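S.K.: fold the following, please.
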Amino acid sequence: MPRRPTRGAPGFVFVLGYVLLLGHDEVAHELLLAGEDPLSRYLLTGLTPPTYLLDPEVRISATVLLLLACGLALWWAGPRIRAATGFSRFALVTVLVTSASLVSRIGWLLYETSDKPRLIWFAGQDHLAEALRFGVLFGAIVAAYLTLRGNRSRGPRPVPVQTTRRGAGPVMDVANWPNPAEDTEATRLLSGAAYLEGAYAEQVVRTLLSERIRAVAPSPGVDLRLVVLHCLTALRLRTMLRLRLTGALVAGVLLMFATVWMVLPTAAAAAALLLHHRHSLRVRTVDRLRRDRFVLDHGNPDSPPAWAVDRLRTIDQAEQGNVTIFSGFRPHVGYGAAEPGWSFALPVLPKKDPVTGAESAAPKPFTEEALTAHVRRRLAETTDPDGVGAPLPALHLENRCFADGSAVRGLLVSDRTEPPAFTLPDTTPPTDAARRYLCAHIPSWGGQVVASTFLRFTTDGHMLYAECDRTVAKPINARLDERDFDIAKELGPALRQAIPALLMAPLYLVADLLTPTLYARARDRERALAAKGPAFDYGTPFSIREAATAPTFTTQFQHDDAAKHLKLVERHTLEAVIEFLELHDVDTTELRSRQTTILNEGVIQTGGTSNVGALAVGQQAQATTS
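M.R.: Purely as a prediction, here's the structure:
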């Protein structure tokens, strides 16, 4: 899923740290005493922000107004600052900070003075001149900081570091896959990813719970509700961390009135809180999500908050239904990356005598539903213990409808402001926007790899049309079976992140507390848009499993097994189609002769190479690959 544009006020952490440190009365006093000549005193005075110990009776501090004005200005112009480069960024940030300094000082003068006009025009002139001087100098410093940081980070983005360890890890049994879904390895790993990757938990909650009527994409072998509950639990633990950091910040600021050196133990306390939080999350994933314990209490996540109950009910309906409502180009969302598929159109011709070549009687009529049922029975036999060779350890067959979310009104949507239906009766005829597929899912490596085949047959135009789409769900990018938390290695990052985490904790805490309200407003806007918009898209491009999927296979064996399972389903499907057509006196000579063409083509795309073949059968047949 594409990342959302970064929001926030660029450089505000730097502004906050600068003003709080140099704006302390003791620090400012020492700086002013350090000036030995008029020029240095002028510069030091200009670089010193408004202090927050000017007068014990002051009702509102100019420091607070300065931080508020700078934060709002940088937030409002954040996209423009990120888009600008070089001198343009430098000039823009300087003007913004200078303006914020003047506005905050004027606001302070208006608030603190009873004789407002007289102070503004007479006594206030010195304050405004001081604010202008500080704004220009401080704005230049902030601009230089952002410019240098932007130039240093410009260029290709580094490849994200995988959280997966070398090797695939222990492999679980898939005999009963995918039921029950709450006991599968995929559900366990995704639940652990919620604690190990805060961004993943936030993405899941924001995408699924901030919406009211858009669809939810299920994945075979994944309990969506359980994963969402673990994501909510992880975010609650993060909110508690931010609450503790905010308490440490408040205590540190109060103690700084006694001595400025209290900033050091405050930063140390923040680093200790970060270390404890990370260690507790790691212990939680290793102990509570251990395989033998997970099947007992499933990690014991928190109960859902009241504001998420309705949406979780929709998620349950999506998991139990037989319809996937997608948004965008790719219909099989939730089942992994698309792999090359095939399709062919075959004229329904009478069977010919193998000796004389004479045509027999006309073919027996058949329906696409009968052909689909025959193929399903043939595929189900692959798990039968009787027969030559070993059966497949697990195979999940389902009839599922995939529908375009922008064209489901009237079919799955009866009330524009309510979620669509996720169950469609088998008697409902398919449409251009809603198509039925026979889905065959074969897991391997404990369910970490799932090879899926989607088959569709039609008899339009007095021809048999067969379509085969394929996907492969790669391993989940997390390992929960190792105690690899090294305090010595984590201490450095905790110390580096202590000050930014401490300073931003109050803002993030407020955002966390406002999340239910913001989500409620987002759901109201969504419902209003659906009520007015005739082409509202009820589908989703997001999948809980795909959001945590590794970019590649962990081992070549996983790649080989996925390719093997796709080929097995493909071979059994073609044999079942031939068998069915012969039972209905349809000529299969061309189909048999061309069968090897499609079977010999590669089906798994790796790297930048893809070999895709085409199949054409019959005298007027056409073949395409997808």
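S.K.: in the stretch 451-600 of the chain, where is pLDDT below threshold?
M.R.: Counting by pLDDT under 70, the stretch 451-600 of the chain contains low-confidence ranges at 479-488, 596-600.
S.K.: and the helices in it?
M.R.: 487-532, 556-583, 589-599 (DSSP state H, counting those that start in this stretch).
S.K.: out of these, flag the one nearest Thr471.
M.R.: Smallest distance to Thr471 across the helices of the stretch 451-600 of the chain (C-beta to C-beta): 9.3 Å, for helix 556-583. C-beta coordinates here come from the backbone N, C-alpha and C atoms, glycine included.
S.K.: reformat the helices of the stretch 451-600 of the chain as CSV; add distance to Val295 and mean neighbour count.
M.R.: Converted to CSV, the helices of the stretch 451-600 of the chain look like this (distance: least, C-beta to C-beta, whole Å; neighbours: other C-beta atoms under 10 Å):
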stretch, distance to Val295, mean neighbour count
helix 487-532, 30, 15
helix 556-583, 24, 18
helix 589-599, 39, 16
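S.K.: reformat those helices as TSV; add distance to Arg409.
M.R.: Below are these laid out as TSV (distance: least, C-beta to C-beta, whole Å):
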stretch	distance to Arg409
helix 487-532	10
helix 556-583	34
helix 589-599	38
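S.K.: nearest to Ala373 among those would be which one?
M.R.: helix 556-583 (9.5 Å).
S.K.: who are the packing partners of the closest one?
M.R.: helix 368-380, strand 434-444, strand 449-458, strand 463-473, helix 589-599 (3 or more C-beta pairs under 8 Å, 6 or more residues apart in numbering; DSSP states H and E).
S.K.: buried stuff in the first one?
M.R.: It refers to helix 368-380. Of all the residues in helix 368-380, those buried under the rule 16 or more other C-beta atoms under 10 Å are 368, 371-372, 374-376, 378-379.
S.K.: could you do stretch 412-425 as well?
M.R.: 412-413, 416, 419-422, 424.
S.K.: the residues you listed: which two are farthest apart?
M.R.: Arg416 and Leu424 (18.6 Å).
S.K.: quick one on the thing from earlier: okay, the buried residues of stretch 412-425 in TSV with secondary structure and pLDDT next?
M.R.: Listed next are the buried residues of stretch 412-425 as TSV, based on DSSP: H, G, I helix; E, B strand; the rest coil; pLDDT from 0 to 100:
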residue	secondary structure	pLDDT
Leu412	coil	92
Val413	strand	91
Arg416	coil	89
Pro419	coil	93
Pro420	coil	94
Ala421	coil	94
Phe422	coil	94
Leu424	coil	93
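S.K.: any chance of the residues you listed in a markdown table with distance to Asp561 as columns?
M.R.: Shown next, in a markdown table, are the buried residues of stretch 412-425 (distance: C-beta to C-beta, whole Å):
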| residue | distance to Asp561 |
| --- | --- |
| Leu412 | 36 |
| Val413 | 40 |
| Arg416 | 45 |
| Pro419 | 37 |
| Pro420 | 36 |
| Ala421 | 36 |
| Phe422 | 31 |
| Leu424 | 33 |
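S.K.: nearest to Thr147 among those residues?
M.R.: Among the buried residues of stretch 412-425, and counting by C-beta to C-beta, the member closest to Thr147 is Pro419, at 47.4 Å.
S.K.: which ones are touching that closest one?
M.R.: Counting by C-beta atoms under 8 Å, 6 or more residues apart in numbering, Pro419 makes contact with 212-215, 314, 317, 538.
S.K.: ok, and the most crowded of those?
M.R.: Ala215 (29 neighbours; other C-beta atoms under 10 Å).
S.K.: could you break this protein into its assigned domains?
M.R.: 12-153, 181-314+479-532, 337-473+552-625 (automatic domain parsing).
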